[in-house]
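>>> how does the following fold in three dimensions:
(one chain, ligands or ions: 1)
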Amino acid sequence: MNSQKLHIPVLLEPILNFISDIEGPIKYGIDGTFGRGGHTVAFMQKFPELKMVGFDHDQQAIEYAHQNYKDSLDSNNLKLVHDNFANIDAHKNELNEFVNESEQKKFDFILLDLGVSSPQLDEASRGFSFYHDGPLDMRMDQRLEETAADIVNNYSEQELIDIFKELGEVRRPYRIVKAILHDRKQTPFTTTRQLSSMIERVEGWRKKGMHPATLYFMGLRLAVNNELDVIRQSIPKMLDWLRPGGRLLIISFHSLEDRIVKWAFKDLQNQGRIITKKVVQAEQQEIQQNSRSRSAKLRVFERGISGSEKGKKI
Ligand SMILES: C[S@@+](CC[C@H](N)C(=O)[O-])C[C@H]1O[C@@H](n2cnc3c(N)ncnc32)[C@H](O)[C@@H]1O
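Numbers count the residues shown, from 1 in each chain. Here you go, the predicted structure:
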């Protein structure tokens, strides 16, 4: 594999350790959030026998992978799926074809590294960032119909309040929502700068180092991509794709996501055990090298042998 131009994979060392600790041979893995393939490359280097499936719903991520991981794709050690990992069951036939017949639906591990990648954030045309002016888009999957601009220009006052309060965790979004309703009558919102400068004007800078639009943008991004529902629905499905003793590893960057993962793992304890009694976070050294790792939280769940294996080591 060509390991040039990768974005830095977070919490790589603990993740490799959690995978090494899986009992039995490590032959098949799923990377539900392939991105630039940073984690997948490291897994394939560490476990030379490993065959990986990479999901990404972003066309650009899939194109990048086709250009950069040609050898692994040609040798059938890597398979790419251009879809949301929530739709994994719809790919049953092709995934089962990828593994040996006796090992269908028996992956050794699944990684979900949630949220957006650095290239998505950095590219103005994707519309995620208030630092780069671009279309107010925020779709990770370009096939989705509704953009952030559609939400801002068409949703009702109450719907916008709900998004900013529940997903953005803004305590009092009322003035901003009023300003959106007022401004959009004159000129619809089309760019990230238009929205972020309005928020800056109405809200002002309250917290040093944190742009006043941060939480509003976060709420819109989660709404556009339906990210929280996707995680909620996917965790039990993912477990079904693991062999007994296989592990599901989830990295989240947002407190609402982490809460969902934490409670979903608790609810599933009749099907396995939680490996990370305490959430795993980046060490100071990693944070210095990669500031994105600062908010990363890793939780790991191990599938048990049967439904009655509550809390038991395999
Ligand atoms: C944080 S990045 C992953 C980076 C990757 N681990 C690496 O080291 O290069 C998240 C990636 O997953 C994709 N993604 C996020 N949610 C997804 C979902 N529900 N289904 C498929 N892909 C998703 C995004 O498009 C993005 O490319």
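>>> switch to C-alpha atoms for all contacts and neighbour counts from now on
Will do.
>>> E13: what's it in contact with?
By C-alpha atoms under 8 Å, 6 or more residues apart in numbering, the contact list for E13 is empty.
>>> all helices for the stretch 101-250 of the chain, in order.
Using DSSP state H, counting those that start in this stretch, the helices of the stretch 101-250 of the chain run over residues 118-122, 148-154, 157-162, 174-186, 192-203, 214-224, 227-240.
>>> and those: which comes nearest the ligand?
helix 227-240 (6.1 Å; C-alpha to the nearest ligand atom).
>>> what about L249, neighbour count?
Neighbourhood size, L249 [other C-alpha atoms under 10 Å]: 21.
>>> returning to what we had before: can I get the helices of the stretch 101-250 of the chain in a markdown table including mean pLDDT, mean neighbour count and distance to the ligand?
Converted to a markdown table, these look like this (pLDDT from 0 to 100; neighbours: other C-alpha atoms under 10 Å; distance: least, C-alpha to the nearest ligand atom, whole Å):
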| stretch | mean pLDDT | mean neighbour count | distance to the ligand |
| --- | --- | --- | --- |
| helix 118-122 | 87 | 16 | 7 |
| helix 148-154 | 98 | 19 | 16 |
| helix 157-162 | 98 | 17 | 22 |
| helix 174-186 | 98 | 15 | 27 |
| helix 192-203 | 96 | 18 | 19 |
| helix 214-224 | 97 | 21 | 10 |
| helix 227-240 | 97 | 17 | 6 |
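>>> possible to save those as CSV with distance to E13?
Listed next are the helices of the stretch 101-250 of the chain as CSV, based on distance: least, C-alpha to C-alpha, whole Å:
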stretch, distance to E13
helix 118-122, 20
helix 148-154, 35
helix 157-162, 38
helix 174-186, 42
helix 192-203, 36
helix 214-224, 28
helix 227-240, 23
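>>> how much space between the residue lying closest to P135 once chain neighbours are set aside and the ligand?
Leaving aside its sequence neighbours, P135 sits nearest to T191 (C-alpha to C-alpha, 6 or more residues apart in numbering; 4.4 Å). T191 sits 21 Å away from the ligand, going by C-alpha to the nearest ligand atom, to the nearest Å.
>>> ditto for A296
In terms of C-alpha to the nearest ligand atom, A296 sits 10 Å off from the ligand.
>>> what's the average pLDDT for the strand ranked longest in the chain?
In the chain, taking DSSP state E as the definition, the longest strand is strand 242-252. Mean pLDDT, computed over strand 242-252, is 97.
>>> neighbouring strands - and their directions - for it?
Counting by DSSP bridges, the strands paired with strand 242-252 are strand 107-113 (parallel), strand 297-303 (antiparallel).
>>> make JSON lines out of those strands and add mean pLDDT, mean neighbour count and distance to E97.
Below are these laid out as JSON lines (pLDDT from 0 to 100; neighbours: other C-alpha atoms under 10 Å; distance: least, C-alpha to C-alpha, whole Å):
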{"stretch": "strand 107-113", "mean pLDDT": "97", "mean neighbour count": "25", "distance to E97": "13"}
{"stretch": "strand 297-303", "mean pLDDT": "98", "mean neighbour count": "25", "distance to E97": "23"}
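>>> for I274, give the beta-bridge partners.
Assigned bridge partners for I274, using DSSP bridges, are F301.
>>> let me know the pLDDT of it.
pLDDT at I274 comes out at 98.
>>> contacts only, for it.
Neighbours of I274 in contact, by C-alpha under 8 Å, 6+ apart: 265-266, 300-302, 311.
>>> what's the most distant pair in the residues you listed?
V300 and G311 (13.6 Å; C-alpha to C-alpha).
>>> give the contact list for the closest residue to the ligand within the stretch 101-250 of the chain.
Nearest to the ligand in the stretch 101-250 of the chain, going by C-alpha to the nearest ligand atom, is S117, at a distance of 3.8 Å. For S117, the contact set (C-alpha under 8 Å, 6+ apart) comprises 7, 35-36.
>>> need the contact list for the residue nearest to G168 when sequence neighbours are not counted.
Among residues not flanking G168 along the chain, G219 sits closest, at 3.7 Å (C-alpha to C-alpha, 6+ apart). Neighbour list for G219: 163-169 [criterion: C-alpha under 8 Å, 6+ apart].
>>> quick one: G219 from G115, how far?
Applying C-alpha to C-alpha, to the nearest Å, the value for G219 to G115 is 12 Å.
>>> if anything else comes up later, I'll come back, but that's it for now.
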